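# what's the 3D shape of this:
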Amino acid sequence: MKLRTKISALLTTLFVPTLSYAYEFEVDGIYYNKNADGETVSVTYNKGEGTDYSGSVTIPSKVTYDGTTYTVTEITEFAFRNNTQLTAVTIANTVTRIGRLAFSDCSSLATIKIPDSVTYIGTVAFSGTPWWDNQPDGLLYIGKVAYKYKGTMPENTSITIKDGTVCIGASAFANCSGMISITLPNSLQEFNGSAFEKCTGLTSVTIPNSVTKLSDSLFNKCSGLTSVTIPDSVTEIGNAVFNDCTALSSITLPESVTSMGNYVFMRCTGLTSITIPDLVTSIGKSAFNGCSGLTSVTIGNSVSSIGDYAFKGCSGLTTLTIPNSVTSIGKSAFYVCSGLTSITIPDPVTSIGEEAFYGCSALTSITIPNSVTKIGKSTFDSCSGL
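Predicted structure coming up:
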């Protein structure tokens with residue numbers, strides 16, 4: 001029993017969580033981390049227990065520590081979170097970014113002065129504060145960010161984002177089913193995640209040519225979306241950008257696109273054709289999973305991998321040319337593509353994932369090159385026509 005007690009005490013000592021100190025230095029009661037450029041700093045927290053700040057706090061434009069003067073440019077995620085004694089914050093006009101949950105649940109925070117220099121605000125940065133509760137219904141602009149539409153949007157609403165706006169905030173219009181159109185300014189540079197998620201009334205969007213990335217879940221579950229115009233400036237399409245956009249029948253991806261995330265067009269059942277640009281190097285996980293109406297796919301010549309479940313359930317797909325750039329085909333990549341009749345696997349392919357062609361009942365022929373060294377289990381299971 002004594003040995004057991006000693007072991008228990010030792011394990012308790014080993015696994016007691018220790019407080020982690022997030023800051024590098026502190027000046028006048030504000031905690032900072034140095035940024036990678038060596039010239040700027042970010043405001044952060046001490047122990048992150050909600051007791052770091054109280055009363056009125058002014059974030060300065062510059063701070064001097066150990067003989068070096070730094071410019072304050074950012075408020076990190078969680079920086080002031082849960083500080084229930086914090087009543088007011090004034091932010092200097094050198095700050096450009098406010099991280100997610102930065103002021104969330106500051107239950108006494110009634111006043112926040114935010115400069116026009118701010119160009120990015122993370123998810124629910126001000127939730128649970130009197131300041132947010134006191135904002136009027138409608139679209140709230142903070143700095144150069146269209147931050148959030150507050151309240152219930154009326155039916156058949158058209159939104160025009162004002163000139164000078166550079167960012168649409170995270171979930172800014174999420175669940176705004178009453179929005180039927182939105183006009184975006186040429187000043188816009190980026191979207192934060194899920195900006196238009198579940199905007200089921202939205203039918204068409206034109207992205208301005210100042211935008212370079214479509215952020216994660218940007219149009220996720222926009223079931224009424226039929227048309228999106230993507231400019232040549234866009235190089236990256238994030239995860240689940242068009243997931244469950246069931247009314248989207250066609251879309252043109254510009255040749256400038258170099259990367260596409262996972263689940264990009266998952267369950268876009270109305271999508272009939274797609275051309276993957278030549279600069280894209282991989283087709284992500286479940287990229288076209290459940291696109292049952294897809295009949296034509298052109299894969300660019302730089303694609304080296306086809307991800308797991310990439311074309312799972314694409315029952316309308318009858319033929320597909322895999323380019324010579326492809327070296328691997330993922331798990332269940334063509335699972336139950338029941339309309340697929342023939343396919344040629346190119347020489348560079350070395351591995352075919354398990355269940356890659358499972359249930360391709362119309363498949364009558366397939367050519368496998370000598371380069372293939374691994375074929376996963378059940379790869380051709382239930383291919384009754386092969």
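# which residues touch stretch 217-228?
Outside of stretch 217-228, the residues within contact range by Cβ atoms under 8 Å, 6 or more residues apart in numbering are 191, 193-207, 238-249, 251. All C-beta atoms are positioned from the backbone trio N, CA, C, and that covers glycine.
# so how far is it from its chain's centroid?
14 Å (Cα atoms, centre = their mean, to the nearest Å).
# for stretch 48-65, which positions count as buried?
Buried residues in stretch 48-65, counting neighbours by 16 or more other Cβ atoms under 10 Å, are found at 48, 50, 52-53, 57, 59-60, 63.
# actually stretch 77-88, sorry about that
Burial within stretch 77-88, assessed by neighbour count using 16+ other Cβ under 10 Å, is assigned to 77-83, 86-87.
# from the residues you listed, which is closest to residue 27?
Among the buried residues of stretch 77-88, residue 79 lies closest to residue 27 (Cβ to Cβ), at 14.8 Å.
# tell me the pLDDT at the closest one?
In this model, residue 79 is scored at 96, pLDDT.
# how far away is it from residue 35?
Distance, residue 79 to residue 35, using Cβ to Cβ, to the nearest Å: 14 Å.
# where do the contact lists of these two overlap?
In contact with both residue 79 and residue 35: residue 42, using Cβ under 8 Å, 6+ apart.
# find the nearest non-adjacent residue to the spatially most central residue of the chain, please.
Residue closest to the mean C-alpha point of the chain, counted by Cα atoms, centre = their mean, is residue 216 at 2.3 Å. For residue 216, ignoring the flanking residues on the chain, the nearest one in space by Cβ to Cβ, 6 or more residues apart in numbering is residue 238 at 4.1 Å.
# and that neighbour, what is it in contact with?
193, 213-218, 261, 264.
# can you rerun that using 7 Å?
213-216, 218, 261 (Cβ atoms under 7 Å, 6 or more residues apart in numbering).
# hmm, back to that, thinking the residue nearest to the centre of the chain is in contact with residue 193, fair?
Yes: using Cβ atoms under 7 Å, residue 216 is in contact with residue 193, at 4.6 Å.
# what pLDDT does the residue nearest to residue 116 when sequence neighbours are not counted get?
Leaving aside its sequence neighbours, residue 116 sits nearest to residue 143 (Cβ to Cβ, 6+ apart; 5.2 Å). At residue 143, the model reports a pLDDT of 94.
# where's residue 143 relative to residue 185, distance?
15 Å.
# who has more neighbours out of the two?
Higher neighbour count among residue 143 and residue 185: residue 143, with 22 against 15, using other Cβ atoms under 10 Å.
# so what's the more buried one up against?
For residue 143, counting by Cβ under 7 Å, 6+ apart, the contacting residues are 114-119.
# quick one, strands of the stretch 1-150 of the chain?
Remark: strands assigned in the stretch 1-150 of the chain by DSSP state E, counting those that start in this stretch are 25-27, 30-34, 40-44, 55-59, 62-65, 68-75, 86-91, 97-98, 111-113, 120-121, 138-142, 145-150.
# ok so, going back, which of the contacts of residue 143 tops the neighbour count?
residue 118 leads the contacts of residue 143 on contacts (other Cβ under 10 Å) with 22 neighbours.
# now do the phi/psi pair for that one.
Phi and psi for residue 118, reported as degrees, to the nearest 10, are phi -70, psi 130.
# relative to residue 129, how far out is it?
16 Å.
# who's in contact with the residue lying closest to residue 313 once chain neighbours are set aside?
Leaving aside its sequence neighbours, residue 313 sits nearest to residue 290 (Cβ to Cβ, 6+ apart; 4.8 Å). For residue 290, the contacting residues are 266-267, 269, 312-313, by Cβ under 7 Å, 6+ apart.
# pull the most distant pair out of these.
Farthest pair in the contacts of residue 290 (Cβ to Cβ) is 269 and 312. Separation: 13.1 Å.
# name the residue in those two with the higher neighbour count.
Remark: of residue 269 and residue 312, residue 312 carries more neighbours, 26 against 17, as counted by other Cβ under 10 Å.
# was I right about that one contacting residue 332?
Yes: using Cβ under 7 Å, residue 312 is in contact with residue 332, at 5.4 Å.
# which PyMOL command selects the buried ones in the contacts of stretch 217-228?
Selection of buried members from the contacts of stretch 217-228 for PyMOL, criterion 16+ other Cβ under 10 Å:
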select buried, resi 191+193+194+195+196+197+198+199+200+201+202+205+207+238+239+240+241+242+243+244+245+246+247+248+251
